[in-house]
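Novice: fold the following.
(one chain, ligands or ions: 1)
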Amino acid sequence: MTAALALARAAQVGDPRPHAVVIGSGFGGLAAAVRLGARGWRVTVLERLDQPGGRARVFRQDGFTFDAGPTIVTAPFLFEELWALAGRRLAEDVTLVACDPFYRIRFDDGTVFACRGDPAAMRAEIARFSPADLAGYDRYMRLSAETCRIGFERLGHVPFGRFADMLRVAPDLIRLRAWRSVHATVARHVRDPRLRAALSFHPLLIGGNPFAASAVYCLIPALEQRWGVHYAIGGTHALVRGLAGLVARQGGRIRLGAEVAAITVRDGRATGVRLADGETIAAAIVVSNADSAFTYGALVPPHCRRRWTDRRLARARYSMGLFVWYFGTRRRYEAVGHHTILLGPRYRGLLADIFDRKRLADDFSLYLHRPTATDASVAPAGCDAFYALVPVPNLDAAIDWAGMAEPFRRAVERRLERTLLPGLGDAVVTSRVMTPRDFAADLLAPRGAGFGLEPVLTQSAWFRPHNASEEIAGLYLVGAGTHPGAGLPGVLCSAKVLDQVVPDAARLR
Ligand SMILES: Cc1cc2nc3c(=O)[nH]c(=O)nc-3n(C[C@H](O)[C@H](O)[C@H](O)COP(=O)(O)OP(=O)(O)OC[C@H]3O[C@@H](n4cnc5c(N)ncnc54)[C@H](O)[C@@H]3O)c2cc1C
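Specialist: Numbering: from 1, shown residues only. Below is the predicted model of the structure:
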């Protein structure tokens, strides 16, 4: 043990603050740690991996830095709030730059739609594709703004612990026609099939099928337009490191390589956790940032669960899987922007393959990340860092990823070579992939799902596992699998809910 670590431990032993354990160091867990630390809790974050960040961890290899997961930072004020709670300014630790355009969508016919933050530029782009759809687009953006005001600003950070909370928002849900899907809503406003795809794909960013996700998720275009789309210099992991620094400043501790095997419960109340190596850690409260279905299915004993039984978890709907190919090239592709969505020939049919038929299609769509368009620091000089992310079926599908990973990677490479990255096969100098199997093995994600429980109306708000556990007193949930859901704004808001459901530490002293 280093002297510094010994001192930190000694300081914690004499620390009179009540103890909170956070399981997992994803963005939800780190945000929860900062919020609890600011409210007088002594926080220990337990993370099974060897680095913090969860889905937002980082892979470094051969001089390249690859963010494993999130690349698009929206609603940065949620990060600013956390820094303020810890007595600092976000800009002291992390440089965020605004992306313009937000992203480009390349359709299968080769046309490219640039999604812009400036409303006038965006309207010009809509008119370039389909002048007849301009009025419908304007109406859709007004609806998106209203949905954002209600769904994100008003309800995104409030607890949905009682059914009465659901009844209270029922009039809003009816007004927003929340039972309709995002795609059905968009299709009532614009006719051009390319614009229908460009305005409706957003639920995929949080694990939902645009043809099944509630119209509540129509809020995303307005959220992007209001607060912008940002990139953190050095990569999204700069935000993870920044948050970890805030936890340390508050006197909290992040223990890496610490896997929780069980949440200990006495008389219906969480008393702490037991690690996989047998160590027990007592705590006044436990906050789980592990996937909610894993928290209930694996960490809470069955006899303590009435709502989230094994049967119910087995019947739940899980988000799609992700195949991610991280690669570096010896050359730069200057014509390729920071964020590109490359759509294949099918939209509805492909999504049905992924979410319903659970088959791996060969005419897939993908998202291509090229951070070196904005930030040369993540690759050696003259090189580009990329990742290509392909939505695929989760592990409900009988896909042998051990055998399929390399053929599928080659198919992705061929598609990119034909469309955006000529000569790619000869230019790749470093490469690694993640399949749904890795999400299950590394992140303990049930069904290898990329985003936890699927965001459909019947699994949203009160219907989602609650932030204050409905099963066990003193247990709280944050992260993608609880309210409000996946994506950085969602998981940061889930931690914000804790401010309303966790008592101030001072009350326990
Ligand atoms: C490839 C990809 C791209 C994405 N792109 C974007 C994007 O551009 N913008 C955006 O806003 N969102 C994006 N998302 C979604 C976003 O990244 C996630 O919703 C969010 O990061 C999940 O955070 P979380 O708090 O749920 O925790 P997670 O990241 O899921 O972390 C949970 C942590 O808990 C740990 N853990 C689990 N069980 C245990 C245990 N028993 N003991 C100890 N530790 C445990 C895990 O190891 C993990 O570190 C993306 C996701 C993926 C996968």
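Novice: quick one: name the residues of the stretch 401-509 of the chain near the ligand.
Specialist: Residues of the stretch 401-509 of the chain that fall close to the ligand, judged by C-beta under 6 Å from any ligand atom: 443-444, 450-451, 479-480, 486-488, 491. From N, CA and C alone the C-beta is placed, and that goes for glycine too.
Novice: show me which of the residues you listed is closest to H338.
Specialist: L488 (16.6 Å; C-beta to C-beta).
Novice: and the residues of the stretch 401-509 of the chain next to the ligand, which of them are in helices?
Specialist: Taking DSSP state H, the ones among those that sit in helices are 443, 488, 491.
Novice: would you quantify the distance from the second one to T74?
Specialist: Here the distance between L488 and T74 works out to 7 Å (C-beta to C-beta, to the nearest Å).
Novice: go on, the first one?
Specialist: According to C-beta to C-beta, L443 and T74 sit 22 Å apart.
Novice: these two: which has the busier surroundings?
Specialist: L443 (24 against 19; other C-beta atoms under 10 Å).
Novice: near the ligand, which residues of the stretch 251-400 of the chain are found?
Specialist: Going by C-beta under 6 Å from any ligand atom, the residues of the stretch 251-400 of the chain near the ligand are 259-260, 289-290, 294, 322, 324, 389.
Novice: any chance of the residues of the stretch 401-509 of the chain next to the ligand in a markdown table, plus pLDDT and distance to R418?
Specialist: What follows is these, written out as a markdown table (pLDDT from 0 to 100; distance: C-beta to C-beta, whole Å):
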| residue | pLDDT | distance to R418 |
| --- | --- | --- |
| L443 | 98 | 32 |
| L444 | 98 | 37 |
| G450 | 98 | 26 |
| F451 | 98 | 29 |
| G479 | 98 | 38 |
| A480 | 98 | 34 |
| A486 | 97 | 31 |
| G487 | 97 | 31 |
| L488 | 98 | 32 |
| V491 | 98 | 36 |
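Novice: does F66 count as helix, strand or coil?
Specialist: Three-state assignment for F66 (DSSP: H, G, I helix; E, B strand; the rest coil): strand.
Novice: just after the helix or strand bottoming out on mean pLDDT in the chain, pick out the following helix or strand.
Specialist: One helix or strand of the chain scores below all others by mean pLDDT, DSSP states H and E: helix 3-13, with a mean of 46. Counting by DSSP states H and E, the next helix or strand C-terminal to helix 3-13 is strand 19-23.
Novice: run the chain-centre distance for the helix or strand just after that following strand.
Specialist: Sequence order places helix 27-38 as the next helix or strand after strand 19-23, per DSSP H and E. Offset of helix 27-38 from its chain centre (C-alpha atoms, centre = their mean, to the nearest Å): 16 Å.
Novice: who are the packing partners of the helix or strand just after helix 27-38?
Specialist: Where DSSP H and E defines the elements, the next helix or strand beyond helix 27-38 is strand 42-47. Where contact means 3 or more C-beta pairs under 8 Å, 6 or more residues apart in numbering; DSSP states H and E, strand 42-47 is packed against strand 19-23, helix 27-38, strand 253-256.
Novice: deepest of these, which one?
Specialist: helix 27-38 (a mean of 28; mean count of other C-beta atoms under 10 Å).
Novice: what's near enough to touch whatever residue of the stretch 351-500 of the chain ends up closest to the ligand?
Specialist: Closest residue of the stretch 351-500 of the chain to the ligand, C-beta to the nearest ligand atom: G479 (2.9 Å). G479 makes contact with 24, 26-29, 54, 288-292, 452, 491, 494 under the criterion C-beta atoms under 8 Å, 6 or more residues apart in numbering.
Novice: taking these, please make a PyMOL selection of just the buried ones.
Specialist: Provided next is the PyMOL selection string for whichever of those are buried by 16 or more other C-beta atoms under 10 Å:
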select buried, resi 24+26+27+28+29+54+288+289+290+291+292+452+491+494
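Novice: which of the contacts of G479 lies closest to S181?
Specialist: Proximity of the contacts of G479 to S181 (C-beta to C-beta) peaks at G452, which lies at 19.6 Å.
Novice: so S200 touches R188, yeah?
Specialist: No - judged on C-beta atoms under 8 Å, S200 makes no contact with R188 at a distance of 11.1 Å.
Novice: pick out whichever of these two has more residues nearby.
Specialist: S200 (26 against 15).
Novice: still on that earlier bit, pull out the buried residues from the residues of the stretch 251-400 of the chain next to the ligand.
Specialist: By 16+ other C-beta under 10 Å, these give 260, 289-290, 294, 322, 324, 389 as buried.
Novice: can you flag which of the residues you listed belong to strands?
Specialist: When DSSP state E is applied, those are split such that 260, 322, 324, 389 fall in strands.
Novice: OK, contacts around the nearest residue to G228 once chain neighbours are set aside?
Specialist: Among residues not flanking G228 along the chain, A98 sits closest, at 4.8 Å (C-beta to C-beta, 6 or more residues apart in numbering). Neighbour list for A98: 117, 228-230 [criterion: C-beta under 8 Å, 6+ apart].
Novice: what about V429, helix or strand, and which?
Specialist: Assigned by DSSP H and E, V429 belongs to strand 428-434.
Novice: would you put the C-alpha positions of that strand in CSV?
Specialist: C-alpha atoms of strand 428-434 as CSV (Å, rounded to 0.1, in the frame of the first residue of the first chain):
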residue,chain,number,x,y,z
VAL,A,428,-5.7,0.1,-40.9
VAL,A,429,-2.9,-0.1,-38.3
THR,A,430,-4.7,-1.0,-35.2
SER,A,431,-8.0,-2.7,-34.5
ARG,A,432,-10.3,-4.2,-31.8
VAL,A,433,-13.9,-5.1,-31.6
MET,A,434,-16.7,-5.3,-29.0
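Novice: quick one: low-confidence parts of the stretch 101-250 of the chain?
Specialist: Filtered on pLDDT under 70, the stretch 101-250 of the chain yields no residues whatsoever.
Novice: what about the residue of it found nearest the ligand, neighbour count?
Specialist: Shortest the stretch 101-250 of the chain-to-the ligand distance, computed as C-beta to the nearest ligand atom: residue-wise this is L205, at 6.1 Å. By the measure other C-beta under 10 Å, the count of residues near L205 is 18.
Novice: which non-adjacent residue is nearest the closest residue to the ligand within the stretch 201-350 of the chain?
Specialist: Here the residue of the stretch 201-350 of the chain nearest the ligand is A290; by C-beta to the nearest ligand atom that distance is 3.3 Å. Nearest residue to A290 in three dimensions, chain neighbours excluded: G24, at 4.9 Å (C-beta to C-beta, 6+ apart).
Novice: so what does that neighbour have for phi and psi?
Specialist: phi 100, psi 140 (degrees, to the nearest 10).
Novice: residue contacts, it?
Specialist: G24 touches 45-48, 54, 288-290, 479, counting by C-beta under 8 Å, 6+ apart.
Novice: buried residues in stretch 168-182?
Specialist: Quick answer for stretch 168-182 (16+ other C-beta under 10 Å): 169, 172-173, 176-178, 180-182.
Novice: how about that stretch as PDB, C-alpha atoms only?
Specialist: Output of stretch 168-182 as PDB, limited to C-alpha atoms (Å, rounded to 0.1, in the frame of the first residue of the first chain):
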ATOM      1  CA  ARG A 168     -50.300  13.200 -12.400                       C
ATOM      2  CA  VAL A 169     -48.400  13.300 -15.800                       C
ATOM      3  CA  ALA A 170     -51.200  11.400 -17.700                       C
ATOM      4  CA  PRO A 171     -52.700  14.600 -19.100                       C
ATOM      5  CA  ASP A 172     -49.300  15.600 -20.500                       C
ATOM      6  CA  LEU A 173     -48.700  12.100 -22.000                       C
ATOM      7  CA  ILE A 174     -52.100  12.300 -23.600                       C
ATOM      8  CA  ARG A 175     -51.400  15.700 -25.000                       C
ATOM      9  CA  LEU A 176     -48.100  14.600 -26.400                       C
ATOM     10  CA  ARG A 177     -49.700  11.400 -27.700                       C
ATOM     11  CA  ALA A 178     -47.100   9.400 -26.000                       C
ATOM     12  CA  TRP A 179     -48.600   6.100 -27.100                       C
ATOM     13  CA  ARG A 180     -47.600   6.800 -30.700                       C
ATOM     14  CA  SER A 181     -44.100   5.900 -31.800                       C
ATOM     15  CA  VAL A 182     -41.400   8.400 -32.700                       C
END
